[in-house]
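Undergrad: Predicted model and sequence below, questions to follow.
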Amino acid sequence: MTTPSLSFTHRFEPATAVGSPPLLLLHGTGGDESDLLPLSRAVSPGSALLSPRGPVLENGMPRFFRRLAEGVFDEADVRRRARDLAAFVAEARDAYGLAAPVALGFSNGANIAAALLLLHPGVLAGAALLRPMMPLAEPPAPNLTGTAVLMLSGMADPIVPAESAGRLASVLAGAGADVAHDIQPAGHGLGQADVTAVQAWMARMVGGEGAGARLRR
């Protein structure tokens, strides 16, 4: 269902299976709260789905925070929007009776999920970040011990610099997160290999095996 009754316009679908973690779905630029529903159902059948719409408009396209140019983020806005999103997650957990969710974010959605991990540790139980980059020039040093993070980068991604994705992986791992950084033979768009990788990672999370404590560049 779609509802604007909390601080973000969003869709929520209740869980249909026991033991599957709730997912926080975070779309890319120009997407909306329906974009990642099919992917989420494929990678974690039965999970409760919480999917907010990015509140920032760029030429009419929803995003989760402002940018000054391609790849240049308004970091004050990143911090503000991460705080707002953390507050929304708390509202939604109370309203829908949810455990801490696992984020599933693509592009701009992956970047705001990374900002949540860095700025508000504990809000997320884990995160699958699809085509992410480092959202902050000088990130804080949170304690992310035991937090499972999957990063999927594209080898031929024209939008995300490999150095930025690698730095994010290193910063998260340095903060104690259980990071798996896989580089797909792909561009910025998603393909079946991404779906398969997230499915396997989610299955390990549900099985209590974490993300395998891998950090690959």
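TA: Received the coordinates, thanks.
Undergrad: for the residue nearest the centre of the chain, what are its contacts?
TA: By CA atoms, centre = their mean, the chain has its centre lying nearest to Gly105, at 3.2 Å. Contact analysis of Gly105 by CB atoms under 8 Å, 6 or more residues apart in numbering lists 24-27, 111-114, 127-130, 132. No exception for glycine: its C-beta is placed from N, CA and C like everyone else's.
Undergrad: Can you list the low-confidence ranges for the protein?
TA: Across the chain, the ranges flagged by pLDDT under 70 are 1-4, 208-217.
Undergrad: Break down it into its strands, ranges please.
TA: 2-3, 10-13, 23-26, 49-52, 56-58, 61-63, 67-69, 72-73, 102-106, 126-130, 148-154, 178-184 (DSSP state E).
Undergrad: if we can go back for a sec, nearest to Arg79 among the contacts of Gly105?
TA: Among the contacts of Gly105, Ile112 lies closest to Arg79 (CB to CB), at 10.8 Å.
Undergrad: ok, the closest one - how many residues close by?
TA: 27 (other CB atoms under 10 Å).
Undergrad: List the buried residues for stretch 84-91?
TA: Buried residues in stretch 84-91, defined by neighbour count with 16 or more other CB atoms under 10 Å: Asp84, Leu85, Ala86, Phe88, Val89.
Undergrad: Revised request: answer the last question for stretch 166-182.
TA: Under the neighbour-count criterion of 16+ other CB under 10 Å, stretch 166-182 has Gly166, Leu168, Ala169, Val171, Leu172, Ala173, Ala175, Ala177, Asp178, Val179, Ala180, His181 buried.
Undergrad: Adding distance to Leu68, write these out as TSV.
TA: Below are the buried residues of stretch 166-182 laid out as TSV (distance: CB to CB, whole Å):
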residue	distance to Leu68
Gly166	23
Leu168	19
Ala169	24
Val171	22
Leu172	24
Ala173	28
Ala175	26
Ala177	28
Asp178	33
Val179	28
Ala180	31
His181	27
